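> quick one, what's the 3D model for this:
(2 chains)
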Amino acid sequence: KAGVTQTPRYLIKTRGQQVTLSCSPISGHRSVSWYQQTPGQGLQFLFEYFSETQRNKGNFPGRFSGRQFSNSRSEMNVSTLELGDSALYLCASSSGLAGGDSDTQYFGPGTRLTVL
Amino acid sequence: AQKVTQAQTEISVVEKEDVTLDCVYETRDTTYYLFWYKQPPSGELVFLIRRNSFDEQNEISGRYSWNFQKSTSSFNFTITASQVVDSAVYFCALSEAGGATNKLIFGTGTLLAVQP
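All right, here's what the predicted structure looks like:
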């Protein structure tokens, strides 16, 4: 079974630009979560999507948004990039069991975003 | 509020030594899940174990073992006879159950360096 894939793996942008990152979950998984990893703040939860609906959101500004498609693939978008947005963005997928039981999340390789 | 503390920032051992990585958590939930992930230099988070709050049995998987103690809110991870391939950053994480969310709260990670 193929794992979680993320594209692109590396990205360089300049301040003020916007960026879209893509995540394809493990086949059959319906939940996709996004995390930001920086040396200063560590791993922080951005948001989770399940069946095309945002199920939970972390404490990030509105410049960070996401969506999920009917095939469970997800994208996240960051508008008006700032230097502090430079980070490794990790996507994780899980089965998204009904009833809220916490699934095991499997992570992709990440997209390393550098903002100049 | 939920919180995970990994007090050990870096640990350096010589191959074949045993090493224990500490994890202390805080939560008001009575039902929750605890996880350990490994992050090698490639960046991908690799799932190691998931444990729910009702299961305090210790677990052993090959050279890996986990000690879960609710009384001290700890979920420690021991690697027996460490190998150079064990060198990585290890993260402990916490997630609530029953909240229809997969949000993970991560500790700051412990960098393990195994010297040959």
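> okay, now A:Ala2: neighbour count?
8 (other CB atoms under 10 Å in any protein chain shown). Glycine gets a C-beta too; all of them are placed from N, C-alpha and C.
> brain fart, B:Tyr37
A count of nearby residues for B:Tyr37, using other CB under 10 Å, gives 24.
> near chain B, which residues of chain A are found?
A:31, A:33, A:35, A:42-45, A:48, A:55-56, A:58, A:88, A:90, A:92, A:94, A:96, A:99-110, A:112 (CB under 8 Å from any CB of the partner chain).
> in helices, which of these fall?
Among these, DSSP state H puts none in helices.
> confidence-wise, which helix or strand of chain B is lowest on average?
Within chain B, confidence by mean pLDDT, DSSP states H and E is lowest for strand B:59-61 among all helices and strands, at a mean of 88.
> type out the ChimeraX command that picks the buried ones from the residues of chain A next to chain B.
In ChimeraX, a selection of the buried entries from the residues of chain A next to chain B looks like this (16 or more other CB atoms under 10 Å in any protein chain shown):
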select /A:31,33,35,42,43,44,45,48,55,56,88,90,92,94,96,100,102,103,105,106,107,108,109,110,112
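> other SSEs contacting the least confident helix or strand of chain B?
On a contact count with 3 or more CB pairs under 8 Å, 6 or more residues apart in numbering or on different chains; DSSP states H and E, strand B:59-61 meets strand B:46-52, strand B:64-69.
> residues touching the residue most central in space within chain A, list them.
In chain A, the centroid-proximal residue (CA atoms, centre = their mean) is A:Trp34; its distance is 2.8 Å. Contact analysis of A:Trp34 by CB atoms under 8 Å, 6 or more residues apart in numbering or on different chains lists A:23, A:45-48, A:66, A:74, A:76, A:89-92.
> please repeat the previous calculation with a cut-off of 6 Å.
A:46-47, A:76, A:91 (CB atoms under 6 Å, 6 or more residues apart in numbering or on different chains).
> then B:Phe35?
With CB under 6 Å, 6+ apart, B:Phe35 has these contacts: B:50, B:93.
> not counting sequence-adjacent ones, nearest residue to A:Gln6?
A:Gly108 (4.1 Å; CB to CB, 6 or more residues apart in numbering or on different chains).
> where does chain A have low pLDDT?
Residue ranges of chain A with pLDDT under 70: A:1, A:98-102.
> and the strands in it?
A:5-7, A:10-13, A:19-24, A:31-38, A:42-50, A:53-57, A:64-68, A:74-78, A:87-94, A:106-107, A:111-115 (DSSP state E).
> now the ones you listed in CSV, with distance to B:Ser61?
Shown next, in CSV, are those (distance: least, CB to CB, whole Å):
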stretch, distance to B:Ser61
strand A:5-7, 27
strand A:10-13, 33
strand A:19-24, 28
strand A:31-38, 25
strand A:42-50, 23
strand A:53-57, 30
strand A:64-68, 33
strand A:74-78, 31
strand A:87-94, 20
strand A:106-107, 17
strand A:111-115, 30
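> circling back to that earlier point, adjacent strands (with direction) for the least confident helix or strand of chain B?
Neighbouring strands of strand B:59-61 in its sheet, by DSSP bridges, are strand B:64-69 (antiparallel).
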